[in-house]
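Peer 1: next come a sequence and a model predicted from it.
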Amino acid sequence: MQVACPPGGEDGARRFYGDGLGLTEVAKPEALAGRGGVWFRSYDAEGVVLAELHVGVEEPFAPARKAHPAFVLADAAELEATGWRLEALGYEVDLGERHTFPGFERLHAYDGAGNRVEVLSPQA
């Protein structure tokens, strides 16, 4: 999946997606590195890639407020910890729709560029 950031927004993406969501930054292919942006992956315990997120530089930039990536976590405890971690890093976390998606608990947060991101966990 891909989201956009404004020129110079890579450090904010690293803070949100790396420090906040715990994704691992990976090197972009050499042919694409000069375009800016940053890539992330999520791995399972065996090292299999579960998700990949590309943050691309876009100019002019407008944050995605409706369309959004969604990440599924293992359980509500991990969801809660992620929400607290994002808030501690200074990001807006919205719990207003926590119980509005059958079978899941969720939160919405906004990355450093203002893009909406959904984080879910299965209900116990």
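Peer 2: Everything's here; your move. Computed from a prediction, not measured in an experiment: that's the story for all the values here. Numbers count the residues shown, from 1 in each chain.
Peer 1: in this structure, which helix or strand is least confident?
Peer 2: Sorted by mean pLDDT, DSSP states H and E, the helices and strands of the chain end with helix 30-33, the least confident at a mean of 93.
Peer 1: quick check: what element follows that one along the chain?
Peer 2: Downstream of helix 30-33, the first helix or strand assigned by DSSP states H and E is strand 38-43.
Peer 1: pull the least confident helix or strand of the chain out as PDB, backbone CA atoms only.
Peer 2: Only the C-alpha atoms of helix 30-33 are listed here, as PDB (Å, rounded to 0.1, in the frame of the first residue of the first chain):
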ATOM      1  CA  GLU A  30      18.500   2.200  -5.900                       C
ATOM      2  CA  ALA A  31      16.600   3.300  -9.100                       C
ATOM      3  CA  LEU A  32      13.900   4.800  -6.900                       C
ATOM      4  CA  ALA A  33      15.900   6.200  -3.900                       C
END
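Peer 1: quick one: distance of it to the chain centre.
Peer 2: Here the centre of helix 30-33 is set off from its chain's centre by 22 Å, with CA atoms, centre = their mean, to the nearest Å.
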